[in-house]
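Asker: Okay, sequence plus prediction incoming.
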Amino acid sequence: MAATPPSSERTGADTAAAAASAVRPGRGFVVLLAALVAFQAISTDLYLPSLPAITVDLATDIEAVQLTLSLFLIGFGTGQLVWGALSDRFGRRPVLLAGLAVYLLSTLACAFAPSIGLLVLFRLLQGASACAAVVLGRAVVRDLWAPQEAARVLSYLASAMALAPMAGPVLGGWLTETWGWRANFLALALFGALVLAASWRLLGETNRLRDPDALHPRRLLGGCRIILADPVFRSHALAAAFVYSGIFTFISGSSYVLIELAGLSPRLYGLAFASAAFGYMLGSLAGGRLNRRLAIAGLLRVGALVAVAAAGSGFLVSLLLPPGFITIVLPVFAYMFGAGFVLPAAMAGAIGPFPERAGAASALLGFVQLLVAASVGVAVAALYDGTARPMTGILALAALATLLAAFSAARRPAARR
């Protein structure tokens, strides 16, 4: 059953870990990795077209419904600290299977939530369990590939993962119009069940550097301090956090801007969101192709410059023209293209220096990334004024912060251990 994926940079402990990994490489395994790292995207993007419908059906307001996004991210970010440490102690496979089982149950609870308060609570639990898939999917990649090669692998996974935000809102819009918003959560439960079954069958144990003291409070806090004290980790993690906060700005604000202000139906909104997400897929593919030529530092610089140009032009257009399909989607498409360069490279650069703490480093990366994004999501809802300007303005600020962090990270090359 065991075989080893190729890697030109795997050395030392990485070689031993990969050689001993009980995985079944091939298309099925790659598809599984893509599905794991897509959990956050599919869990947010599928139900985006139903946000206005949830507001009406549960007799609530925009700020309360926004909490189903923001608290999902808070649960997602904080939960990673637990799942990452558990996987460093007990291994990736058993911890992943447990996380997927909890995700399935919490998603079914979301589908039948009778009030906005319970929906927010179940979304918090859903986020806290969904993060197991993403943090452990990234950790598996680090178990098997060295940092530079991991950046290439994550870029290709990100391009495949982009199918989630492309197809999710389209499917979610159709489900909302046909059966109502609860059908979206039933579809997510089915996705979770399929990934759970595939993980049980295809994923062997990849963590051969288990830490028996990973859950000890002093060791856990000490490990976090070591990771956070590393300037390479901090700079790359901030680049990932800021560029994703721009993506989440569009995620959290686009349904109201495009459905309520621009007048798109939920189904057409899904197509608009998919069009923007296609930019991320193209950027990730291009970043994967240019990985060896530009290296992580070059990918960060190029992607951040594209993001700033795109978001800045989008904000200027929103000051002059009313929101519409083209005026909103085209600048976001270009921003997503730049983000496709930045995000995989920043992730690989942050986790790369810590092969013995890949789970903890991946968890801290996700925590920083999603804490920033959740704060931005709250700001988007609080500043909503019936125009597109708050969303496009915050996107431009996120792009500028990404540029500063990316150039700082580029001056600190990721380790090639």
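Answerer: The structure has been received and is ready for your questions. Residues are numbered from 1 along each chain as shown.
Asker: Quick check, pLDDT for Leu171.
Answerer: What the model reports as pLDDT for Leu171 is 88.
Asker: how many neighbours does the residue lying closest to it once chain neighbours are set aside have?
Answerer: Of all residues not flanking Leu171 in the chain, Leu46 sits nearest, at 6.4 Å (Cβ to Cβ, 6 or more residues apart in numbering). All C-beta atoms are positioned from the backbone trio N, CA, C, and that covers glycine. Leu46 has 26 neighbours, counted by other Cβ atoms under 10 Å.
Asker: Please determine how far Leu46 is located from Trp174.
Answerer: Distance of Leu46 to Trp174, computed by Cβ to Cβ, to the nearest Å: 11 Å.
Asker: Check Ser115 too.
Answerer: Taking Cβ to Cβ, one finds Ser115 at 26 Å from Trp174.
Asker: Those two: which is more packed in?
Answerer: Each of Ser115 and Trp174 has its neighbours counted (other Cβ under 10 Å); Trp174 has more, 16 against 11.
Asker: quick one: contacts for that one?
Answerer: Residues in contact with Trp174 (Cβ atoms under 8 Å, 6 or more residues apart in numbering) are 267, 270.
Asker: again, only this time at 10 Å
Answerer: By Cβ atoms under 10 Å, 6 or more residues apart in numbering, the residues touching Trp174 are 49, 183-184, 266-267, 270.
Asker: What ranges does the stretch 151-300 of the chain have for its helices?
Answerer: 163-179, 182-202, 217-229, 231-255, 266-289, 291-320 (DSSP state H, counting those that start in this stretch).
Asker: Count the residues that sit near Met166.
Answerer: With other Cβ under 10 Å as criterion, Met166 counts 23.
Asker: Hmm, I typed the wrong one, I wanted Gly263.
Answerer: Going by other Cβ under 10 Å, the residues that sit close to Gly263 add up to 11.
Asker: again, but for Pro114
Answerer: Neighbour tally, Pro114, other Cβ under 10 Å: 8.
Asker: what's the answer for Leu371, then?
Answerer: With other Cβ under 10 Å as criterion, Leu371 counts 17.
Asker: now for the helix or strand containing it, which elements pack on it?
Answerer: Secondary structure from DSSP states H and E places Leu371 in helix 358-383. Packing partners of helix 358-383 (3 or more Cβ pairs under 10 Å, 6 or more residues apart in numbering; DSSP states H and E): helix 39-45, helix 62-90, helix 92-111, helix 116-144, helix 217-229, helix 231-255, helix 325-351, helix 389-410.
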